[in-house]
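Chemist: just need the structure, nothing else, for what follows:
(2 chains)
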Amino acid sequence: MIHHHSFRNLFQRLTRRQVMQAGLGAGVSFLLPTLSARATQKRGQERPKSLIVLWMAGGPSQVDSWDPHPASAVGETVGKIKTRLPGLEISELLPQMAEQMQNVSLVRSMVSKEGDHERGTYYAQTGYLPDPSVVHPAMTAIISKHLADPSIEIPQHISLASGDGFVVPRGGFLGAEYDAFRIFDPGRNVRNMKPNVDEKRQQRRLEGLDVVSNAFRQQRPFQTSETLHQELVNKALTMMSSKQLEAFSLDDEPKATIQKYGDSRFGRGCLVARRLVEQGVRATQVVLQGFDTHINNLKGQTKQFQILDPAFAALISDLKDRDLLDSTIVLCMGEFGRTPRLNPLEGRDHWPMGFSCVLGGGGIRSGVVIGETDPEAAKEEDKRVTERTPPKNPVSIPDLYATILTVMGLDPYEEVQSPIGRPFMLSEGSAVEQLLPEHLI
Amino acid sequence: MAVFYELEAEVIVVLKSFIWPVLVVVGVVWLTTNSVRSAAVDPTSITIPMPKSDSTSKETVVRVNQELARLRSEANLEMANPAEELTVWRRLSLALHGTIPSLEEIRKFEADQKPDRLERWLEYLLNDSRFDDYFAERLARSYVGVEAGQFLVFRRDRFLDWLTTQLHERRPYDEIVRDMISGTGVWTGEGEVNFITAGFANDEFDPNKLSARSVRAFLGQRMDCAQCHDHPFDHWKQGEFEGLTAYYGQVVNSLAGVADKHSKDYVVEDRLTLEKRTVEPSVPFHPEWLGENGSRREQLARWMTHPENQRFERAAANRVWALMFGVPFLSHRPVDDLPDPGTNPETATLDLLGEDFRKHGYDLRRLIRVIAATDAFRMSSIYPLPESEQENDGDTLQTAETIQQAKERWAVFPLIRLRPEQVIGAMLQANNVRTIDQNSHLFVRALRFFRENDFVDEFGDPGVDELQDWSGTISQALLRMNGEFSRELTSLNPLGSPGRVATAGSTPEKKIETIYLVCLTRLPTEAEKQYFIQRFEKDKPDQAVEDLYWTLFNSPEFSWNH
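Modeler: You can find the predicted model right below:
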């Protein structure tokens, strides 16, 4: 057994190394003449696809947003408004999105198996239930790996997220190199990107680093190069001096554009996400925290959706104006929804059986509304999560991801192996036909 | 429930906003009382105990070394030369305290010329309460994970306190494990009970989680897959998993705490027929180890830790090995995925270590002593390649294969990436001339605590997977090069070692040597020394000191255990 493993291991490592070397070559690609076929210059449907996930951390309330019900059924909530999609009504907290609903689709019947933040987030970001013997890669990590663009000098998996206490999507068994690169204050300050000293001193420091690294390498050349330490330093240096870093900055964006997205970290995050897509970044997550409204639900949700509405709507219309919507999937969801009934503190608790998500672009069929929830679902609140009646036409998280993978040109059933040789499919679900473009059905 | 949660969060925010002004005041007081002390270190502040190794443990070390020699000879491998003692000392400090030796300790170690100094210094590390704290956290990850878990019924901090106390009091390992499996009472009072309450998720108790975790943590095997189907690789069957899980099936929880309801049946829903059926407790082998009396969990605890249950001692040996080296004995497999005893001759080392562990009272410290004394732990990370292979930067397929074999068969000490807490622990210690321990000033300790947490948060914590050989990330490289921590910890201020070295009236050569000792626990090579002396002469002296710290912090040697 050990021989078999060692042999496989050996070649896996060499491959990883060769890949890194290739990556390193790409790292200095800014020295080469610009490639005319650069992905960033293509528009429309031919363009390689990207995914932007607007992550509503804490669990947004579906009844106060995408799936309104009369107050008589669900307790204090807000009114409904008509949208540009005939027959569809959403909460009046989302007036700008009401103007965009014809460009996206809505699933009102998402079901998850986890009602706890940590476990639910894991499930909703990976499509796999937490399993202590393996860490599954987040969907965004899979996409950044399988659709990697070698001409990109900045990370291809990025999380725009401020604050503490949320989970940065991980590469899991794909390796830490696929963990999301985290930006703490989108559009303002990309951390750790500037040397602490002036250029001359930085050069001296790096020259010294060569001397010390060589002393260590000298007698263990193979092991040292296997650590990829120098490669990562080089990649970091390439990134620090890359022109593509400008994607993180909003300095050259017109004030009006920034205002359109809303003056919030999340709004800036959405604008940066669009800029990252323009650079060719494959998978970006923008996090909006604060949906966990166990007390005074409506007040909390109102505040959140007022941040979401302009940012989401501006992102969709901006992508459309720039002919990028056909190549960019935007997905808006959280780890679960909130109970259809108010608790005694006028809050809503966790509700994984029947919540909403919005997705569109990138070839996802638009103007589709899937599933409906029973306003009387509240009567099942005392049942266990797993025993509640699912909503009509339920869509599971793995199904959602199978859909997104299919539209992005990947095969959800493709098998990948964890480092110990355990096989996994990219997603265990099956694509939701109603959301697929005709040529993929 | 969330009310409490949010209140708690607010209290933390308030505390955080208070802590800095308080720290500044404390710091100023400390500065004024301490800055008059010279940078010279008083080596008498450390007392070094007598070595604890006896003839029986030496015998085990000899047997392990013979076994390692057998592994090497099977693959025609040389053994790497013994490592420098200072290097071994650095490894021990990283493994047992999560940090590197301080200048204070290095000076004392160097002054100690007796032949058994490594054994005695190992005792010093094991007697220090930093060992209890550090090892408890590492072990706890396999018992209760790293997540906050179910709110209100799970208190990881209480579990950690309890485990730290057990290590401090030198409780035998089998007793610690029995307490965890069979503990009853309130999770806030009885720390070990949190092993059971960690089985709660989504407001429900999930006994599967506990049986799977017990087998992984205590027997070093995985039967999680058998939860849904028969394990494809080895012999664990779904029925065996259910039978084992039934031992946790009588757990009830109330305000009075965790207890067992002896009349309760363990009922499962059949995955195929969806019918409910009662599962009787059963173990996959040797039911006689269960004993007669006691609750189901007490029986399970006896079975798991039975002296004849070789999996138990092998799992412990493999985990402690992994904590010492950074990877388990079978370095390409997860720490809790060992082959069955007797099926793989490659793991005979674990049999020897396990046997010694059992025969001598399941003493974790003894196990550490034995592993630390083996050739594997004492050898260099330089593999003696034949001259023909040293060319080409060693970058040939043949070399790759030889080194890979040497790593797997412990013919060379492997380069393993330091875990985040070790990286920041080492940076913080390198920034101090004195040892940061329980005797350090509150200011230094609080600063360490907050910096460590912030750094680990930004660096990324691999959690329960920390004993695997992962690669690094670009954000980690950026954090090390340009981050606030690296700026602070390399800059000259009167408190830190860079400031003290810069103002000490010695030659550039002496300064360079001191900085190398503080950061890399070694002296510079001749070439390094010549290069940096020239730098010190050309550059501004203060900048040269800061630059050298930065350079060493960013070197592979600093962040890869060697």
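
Chemist: show me where the stretch 51-200 of chain B has its strands.
Modeler: B:200-201 (DSSP state E, counting those that start in this stretch).

Chemist: give me the neighbour count for residue A:296.
Modeler: 14 (other CB atoms under 10 Å in any protein chain shown). All C-beta atoms are positioned from the backbone trio N, CA, C, and that covers glycine.

Chemist: can you check residue B:129 too?
Modeler: When counting by other CB under 10 Å, one arrives at 12 neighbours for residue B:129.

Chemist: and the one 3 residues further on, by the same measure?
Modeler: Here the neighbour count serves as a burial measure; for residue B:132 (other CB under 10 Å) it reads 19.

Chemist: contacts only, for it.
Modeler: Residue B:132 is in contact with B:164, B:165, B:167, B:168, counting by CB atoms under 8 Å, 6 or more residues apart in numbering or on different chains.

Chemist: wait, what's in contact with residue A:160?
Modeler: Residue A:160 makes contacts with A:183, A:186, A:269, A:272, A:273, A:284, A:285, A:286, A:287, as judged by CB under 8 Å, 6+ apart.

Chemist: tell me, how many residues neighbour the closest residue to it other than its chain neighbours?
Modeler: Nearest residue to residue A:160, sequence neighbours excluded (CB to CB, 6 or more residues apart in numbering or on different chains): residue A:269, at 3.8 Å. Look at residue A:269: counted by other CB under 10 Å, it has 28 neighbours.

Chemist: pretty sure residue A:269 belongs to a helix, no?
Modeler: Yes. Residue A:269: assigned to a helix according to DSSP: H, G, I helix; E, B strand; the rest coil.

Chemist: hang on, isn't it packed against residue A:185?
Modeler: No. Residue A:269 is beyond contact range of residue A:185, at 9.3 Å (criterion: CB atoms under 8 Å).

Chemist: just the residues contacting stretch A:180-189, thanks.
Modeler: A:138, A:140-141, A:154-155, A:157-162, A:168-170, A:190-191, A:248-250, A:258, A:265, A:268-269, A:271-272, A:283, A:285-286, B:458, B:473-475.

Chemist: show me those residues that map onto helices.
Modeler: Among these, DSSP state H puts A:140, A:141, A:258, A:265, A:268, A:269, A:271, A:272, B:458, B:474, B:475 in helices.

Chemist: among those residues, which one lies nearest to residue A:83?
Modeler: Proximity of the ones in helices among the contacts of stretch A:180-189 to residue A:83 (CB to CB) peaks at residue A:271, which lies at 23.5 Å.

Chemist: burial check on residue 304, number of neighbours?
Modeler: Let's take chain A. For residue A:304, using other CB under 10 Å, the count is 24.

Chemist: oops, chain B please
Modeler: Residue B:304: 26 neighbours (other CB under 10 Å).

Chemist: just to revisit the earlier point, mind checking how far the residue nearest to residue A:160 is from residue B:138?
Modeler: 36 Å (CB to CB, to the nearest Å).

Chemist: enumerate every residue touching the residue nearest to residue A:160.
Modeler: A:160, A:161, A:183, A:186, A:187, A:286, A:287, A:311.

Chemist: tell me the pLDDT of it.
Modeler: In this model, residue A:269 is scored at 96, pLDDT.

Chemist: for residue 201, what are its contacts?
Modeler: Because you didn't say which chain, this covers chain A. If you count contacts by CB under 8 Å, 6+ apart, residue A:201 has them with A:195, B:543, B:547.

Chemist: the chain in question should be chain B.
Modeler: Residue B:201 makes contact with A:114, A:116, A:119, B:149, B:150, B:209 under the criterion CB under 8 Å, 6+ apart.

Chemist: if we use 6 Å, what do you get?
Modeler: The contact partners of residue B:201, by CB atoms under 6 Å, 6 or more residues apart in numbering or on different chains, come to A:116, A:119.

Chemist: check the one 4 residues further on too.
Modeler: Taking CB under 6 Å, 6+ apart as the definition of contact, the neighbours of residue B:205 are residue B:199.

Chemist: same deal with residue B:509?
Modeler: Applying CB under 6 Å, 6+ apart, we find residue B:509 in contact with residue B:533.

Chemist: and it, how far from residue A:154?
Modeler: Distance from residue B:509 to residue A:154, by CB to CB: 42 Å.

Chemist: and if you look at residue B:329?
Modeler: Distance, residue B:329 to residue A:154, by CB to CB: 40 Å.

Chemist: what of residue A:394?
Modeler: 38 Å.

Chemist: next one: residue B:483
Modeler: Applying CB to CB, the value for residue B:483 to residue A:154 is 18 Å.

Chemist: out of these two, which sits in the busier spot?
Modeler: More neighbours surround residue A:154 than the other of residue B:483 and residue A:154, with 23 against 20 (other CB under 10 Å).

Chemist: excluding chain neighbours, what is closest to that one?
Modeler: Nearest non-adjacent residue to residue A:154, counting by CB to CB, 6+ apart: residue A:244, 4.9 Å away.

Chemist: now the strands for the stretch 101-250 of chain A?
Modeler: A:104-111, A:157-160, A:181-183.

Chemist: the shortest one: partners in the sheet, and parallel or antiparallel?
Modeler: Spelled out, it's strand A:181-183. strand A:157-160 (parallel) (DSSP bridges).

Chemist: now tabulate the contacts of residue A:269 in CSV and tack on pLDDT.
Modeler: Converted to CSV, these look like this (pLDDT from 0 to 100):
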residue, pLDDT
A:160, 93
A:161, 85
A:183, 89
A:186, 91
A:187, 89
A:286, 97
A:287, 96
A:311, 98
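
Chemist: specify which member of those is nearest to chain B.
Modeler: residue A:183 (9.9 Å; CB to the nearest CB).

Chemist: so which bits of the stretch 301-450 of chain B are right by chain A?
Modeler: Contacts of the stretch 301-450 of chain B with chain A, taken as CB under 6 Å from any CB of the partner chain, map to B:332, B:346, B:382, B:393, B:394, B:399, B:403, B:404, B:408, B:415.

Chemist: look up phi and psi at the last one.
Modeler: In other words, residue B:415. For residue B:415, the backbone dihedrals (degrees, to the nearest 10) come out as phi -80, psi 120.

Chemist: ok, it - how many residues close by?
Modeler: Neighbour count of residue B:415, defined by other CB under 10 Å: 22.

Chemist: might one say that it is in contact with residue A:223?
Modeler: Yes. With contact defined as CB atoms under 6 Å, residue B:415 reaches residue A:223; the gap is 4.8 Å.

Chemist: so where's the stretch 1-150 of chain A shaky on pLDDT?
Modeler: Along the stretch 1-150 of chain A, segments meeting pLDDT under 70 span A:1-45.

Chemist: OK, contacts around residue A:169?
Modeler: Per CB under 6 Å, 6+ apart, neighbours of residue A:169: A:125, A:138, A:140, A:141, A:180, A:285.

Chemist: pick the one among the residues you listed closest to chain B.
Modeler: Nearest to chain B out of the contacts of residue A:169 is residue A:180 (CB to the nearest CB; 9.1 Å).

Chemist: residue A:308 and chain B, how far apart?
Modeler: According to CB to the nearest CB, to the nearest Å, residue A:308 stands 21 Å off from chain B.

Chemist: can you pull the pLDDT of that residue?
Modeler: pLDDT, residue A:308: 98.

Chemist: contact residues of chain B facing chain A?
Modeler: Within chain B, the positions near chain A by CB under 6 Å from any CB are B:2, B:147, B:201-202, B:222, B:224, B:332, B:346, B:382, B:393-394, B:399, B:403-404, B:408, B:415, B:470-475, B:477-479, B:482-483, B:487, B:525, B:528, B:531, B:547, B:550-551, B:554-557, B:560.
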